[in-house]
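# Predicted coordinates and the sequence they were generated for:
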Amino acid sequence: MGLLPFRGEESQTQRARDKKGNTTHMSKRLSISRKHFLLLGLTAILLLVMACAPDAKQSTFGTSGPVAEKQLLLFNVLLWVMVAVFILVEGVLLYAIIKFRRRPGQTELPPQTHGHTALEITWTVIPTILILGLGIWSTITLFELDQPPAGADALEVTAVGHQWWWEFEYPDANGNGKRITTANELRIPVDKAIRINLRSDDVIHSFWVPKLAGKVDVVPTRENYMWFQADETGIFYGQCAEFCGVAHAQMRFLVQVLPQEDYLAWAESFGEAPVLSAQAQAGQTVFNGTGGCVVCHTANGSDSPAVVAGRVQGFMTSDTGIAPGPNLTDLATRERFGAGLVELNRQNLRQWLRDPEVIKPGNYMSERAAIYQTADGRASLSESDISSLLEYLLSLK
Amino acid sequence: MATLTDVIDRPSSQSGLWSWITTVDHKRIGVLYGVTAFIFLLLGGLEAGVIRLQLAVPDNTLVDPDTFNQMFTMHGTTMIFLVIMPLSASFFNFVIPLAIGARDVAFPRLNAFSYWVFLFGGLLLNASFLTNQAPDAGWFSYANLTEKPFSANQGLDYWALGLQVLGVSSLAAAFNFVVTIVNMRAPGMSLMRMPLFVWMTLVTSILLVLAFPVITVGLIELTFDRNFGTNFFVPEGGGDPILWQHLFWVFGHPEVYILILPAMGIVSEVLPTFSRKPLFGYPVVVFSGVVIGIMGWAVWSHHMFTVGLGPVAVSVFMITTMLIAVPTGVKIFNWIGTLWGGQIDLKTAMLFALGFVALFIVGGLSGVSHAVAPSDNQQQDTYYIVAHIHYVLFGGALFGIFAGVYYWFPKLTGKLLHEGIGKLHFWLYFIGMNITFFPMHYLGLNGMPRRIYTYASEFGWDGLNMLASLGYLVLLAGTLLFIVNLMISLRKEPDAGHDPWDAPGLEWSIASPPPTYNFATIPQVEGLDQYWIEKRRAEAEGHPITEPEAPVDPSTIHMPSPSYWPLVTAIGVLILGGGMLVDTGWDYIRFPIPFIGGLICFIGIVAWANEPPAKEHAGDDHHPEAGHGAEPHAMVAAPVAVAERPAGAAAAHSVRLICSNCGNQLSTNFRFCPYCGGAVENPAEPHQEG
């Protein structure tokens, strides 16, 4: 499962070009009034800088799928309305400032106008009409995007927000009742509506994959949901958007959009027993024994709801020992670990096992797992144990 | 208690430290507010500096996540509660009595109390740094992250208690200004003749009175959850964290207008002055302000579009939020209408006011864009919002406040702030502000969430973050330049005269700095922009006004005496609130210290109510007032005749009005009886006529 190309780079360049064109047009128009006025020149420079900035992988532009696209369309139209209003109002303001500057020798008072009823009514009514039009369109979009289209036969996934990683539960991953629990990498088929049920067992998080859909909060007391559909394969970036504590910045995840048959193949093969070398078997022993990994992590298939509930219970009632941890089944097939944080390779994973705090400050593994309760926070395992454990984890595929 | 207050004389220092500690003069309290809030501005600015330094480059490890979270929490909390609000309060204090032709606020000691409580609240909040437990859940402190299992240290207790203490201050001040503006306007100043800043102060104060109780309830619930095992926001206990969000934003959105309306008021004073023509469409600007104040209550859930309220609720809040753009836009158009056809003098104050308009347009437009809920789902909790709030609160509120500083500084000190340095200050702020915050729009749209202490290079956010951080340096330079300007300008000889800007307000008709009693004779108001009316008339009659109102012997005008008790009561409030931080863990008296604070408060209030008048007056014809329930300072805004009243006439400085309906004694400045609503007749009048 190689890294698929990121989506939308070409259209981004196009977009950047469009923006740049607009910028030049704007600065030209502004410089007409008076050169020494920095206001608009400055804005033009800033727009130029922005237009040249590389488009980001987690951008709300370059969207894929109907939800994000409708949201973007609304924003884009609004953006041009805003740009027009901006130019108009700032232009009139600037014109007034320049035109009505006080000149030397002006001793007479200017005409002492107090108002102009018709004018004032006009500039109240026009914005009201504009706003109401916008409001109607937004409301229609809002209701449209609330539910997947009727008859879409959406794939259901429950995304559970944890401090500070994401758990994904598929109640029926293959259309045949197969239940899958995985973490931090959501795999979905292309061209299929996905309904995400959002759940939190601790604090409020927010589920956000900008190129697929706007965010919806993950609230402990609410059964929130959202839906989206990816129109092409590839990797999409997601991140928790609601401040949720120390490692909020590092609560990321990836969405891998696969061709439908690849997705099905993955769903079918998920959890098959891995082939373990002798060293990996030693690592498995550490995982289940001295390492104590198994207290929080499941590595041999989906978590049973009872086990998950036990970990959550332990987390909420005790300050040590236990917390819900990401399911590690098929870990070696993932692009990244640490909640979308670093590339999954031998070196990074070894560093993580030695001292997770270096990669992700504040994580609960450092804080709670028995092996990290040392003076310097480094694992109390021997180097050979760590190597075996590493071998085991990297054979999980 | 009467014995205690009989033994302790009222303080009488007119200068030195004690005079400041015991002052009840609205002008001095205004200065105290201003200086304190400015120091907090520097502190909040430093916190912003740490944030910008950390985010300047990707994968930065300069500060750890804990420190970063404390920084953005304290930056937001400080800037809102300890900077913008008290800076506005500073203008309320200094300007309002002058602008309405009064000698002080309605309750001068309550005013001093508000200041001290504000100071102590700010100190309590920041004391958390000393114990290394600064709050770290954001200025909005969303439950249930704020509950004990997730925020174990006392940071959130500091936060909740600090805000409670600050709330006492805000409420006391707000009541004071509502009463002052409603009751103490000079004769002839009808509501529609009030300067716009006075109007906006009135609206802001009413918003404060209505909004603060909501957050108070939320904070009490939070404190109880954390310390007494209640479950208001605890999901496992049947509580709901979303309840906190509703409480917070029902307060929080009117709060936004509490922050911006005073600045709008200031701008509405500055623009006409430096355009030499009256505010365009005054009634519309007034009503749009009032409408914003009212509609501000119906939009709070736009902060919660992603919470999952469902499309019906969201669409309602979406429409109300969009509609609030209409009165806001109307204000902007009327400001431009004010400029149109005027003679614009680009003094520093005017530059800041124009900067306000220019930047507020940007903030207003981005505001409309996240009123649109489907598009807001992409923008919520990103740097796009950070950009928006800074255009509104930095480009808006703070620019308005600086316009006010440059405008009223000569009135306060008799000295003009240096124009050259001032203009440089403006341009540094204007450019720095745009360099810092404009890129954030694009960062947000490019997917950068708020409140992240680090980001990976792969996101492509590096360049613009660096640019924003460089912009911070420009803002820092501007701020330092302003301090230089203050120091230079304060050292020079008074050069401002009483009316340097040919301004329309009553405050410009008296000397700079104003005498303690403000107005020797309470002015008679004939219309909007009263001082312009007087000056134009005098010019037409061929003897232009060049001098301020002539001073009179201050001893002929009774002013409220200084007092210790506001400070004592405020100390009680501090101990009452801060004492909650000390948990003894004992069974029945877990929190003993608040009781001590409560006792001090009680003593302070009783002594306050029974305080004797100043000794200097005891020798002459003064009737001791201790013992009646009425406010002993009630002579603050004596009627026009007081100064000229013959010395022997029935106790010139303790004349009281009697309500013809219920017989209560009233302060002379009341026009109707606050006890029964009946008409008030002045007992002095019939005597003179008869």
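Great, that's in hand. Numbers count the residues shown, from 1 in each chain, chains lettered A, B, ... in the order given.

# contacting residues for the closest residue to chain B within the stretch 201-350 of chain A?
Nearest residue of the stretch 201-350 of chain A to chain B: A:Gly214, at 2.5 Å (CB to the nearest CB). Placement of C-beta: from N, CA and C, glycine included. Applying CB atoms under 8 Å, 6 or more residues apart in numbering or on different chains to A:Gly214 gives the contacts A:60, A:67-68, A:71, A:208, B:306, B:374-378, B:380.

# same check, this time on A:Val92
Applying CB under 8 Å, 6+ apart to A:Val92 gives the contacts B:Ile336.

# Against B:Tyr257, how distant is B:Thr67?
Here B:Thr67 is placed at a distance of 33 Å from B:Tyr257 (CB to CB, to the nearest Å).

# How about A:Ile131: what's its closest non-neighbour residue?
Of all residues not flanking A:Ile131 in the chain, B:Met322 sits nearest, at 4.6 Å (CB to CB, 6 or more residues apart in numbering or on different chains).

# Looks to me like that neighbour is in a helix.
Yes. B:Met322: assigned to a helix according to DSSP: H, G, I helix; E, B strand; the rest coil.

# so it touches B:Val368, yeah?
Yes. The pair B:Met322 / B:Val368 is scored as a contact, 6.4 Å apart, by CB atoms under 8 Å.

# where does the stretch 251-400 of chain B have low pLDDT?
For the stretch 251-400 of chain B, no stretch has pLDDT under 70.

# Tell me which helix or strand the residue of it found nearest chain A sits in.
Relative to chain A, the nearest point of the stretch 251-400 of chain B is B:Asn377 (2.5 Å; CB to the nearest CB). B:Asn377 is part of helix B:373-379 when elements are defined by DSSP states H and E.

# likewise B:Leu124?
Assessed by DSSP H and E, B:Leu124 sits inside helix B:108-130.

# so does the helix or strand following that helix get close to chain A?
The first helix or strand that comes after helix B:108-130 along the chain, using DSSP H and E, is helix B:155-183. No. Judged by CB under 8 Å from any CB of the partner chain, helix B:155-183 makes no contact with chain A; its nearest approach is 12.2 Å.

# Could you check how far helix B:155-183 is from the centre of its chain?
10 Å (CA atoms, centre = their mean, to the nearest Å).

# How many residues are close by A:Pro220?
22 (other CB atoms under 10 Å in any protein chain shown).

# which residues of the chain score low on pLDDT?
Chain wasn't specified; assuming chain A. By pLDDT under 70, the weakly predicted segments of chain A are A:1-55.

# Actually, chain B is the one I wanted.
Scanning chain B for pLDDT under 70 picks out the ranges B:1-7, B:614-690.

# In terms of residue numbering, what are the domains of it?
Using automatic domain parsing, the domain ranges for chain B come out as B:1-22+B:562-606, B:23-491, B:612-690.

# Next, format these as CSV and append mean neighbour count.
Converted to CSV, the domains of chain B look like this (neighbours: other CB atoms under 10 Å in any protein chain shown):
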stretch, mean neighbour count
domain B:1-22+B:562-606, 16
domain B:23-491, 22
domain B:612-690, 16
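
# Does B:Pro245 touch B:Thr306 like I think?
For residue B:245 the amino acid is Gln, not Pro. No. The pair B:Gln245 and B:Thr306 fails to qualify as a contact (CB under 8 Å) at a distance of 10.8 Å.

# Please confirm that A:Val255 is located within a helix.
No. Counting by three-state DSSP, A:Val255 falls outside a helix, being strand.

# residues in contact with it?
Counting by CB under 8 Å, 6+ apart, A:Val255 makes contact with A:185-188, A:209, A:212, A:230, A:235-238.

# Point out the other helices and strands that the helix or strand harbouring A:Ile126 packs with.
For A:Ile126, the element it lies in under DSSP H and E is helix A:117-146. Where contact means 3 or more CB pairs under 8 Å, 6 or more residues apart in numbering or on different chains; DSSP states H and E, helix A:117-146 is packed against helix A:66-99, helix B:311-323, helix B:325-339, helix B:373-379.
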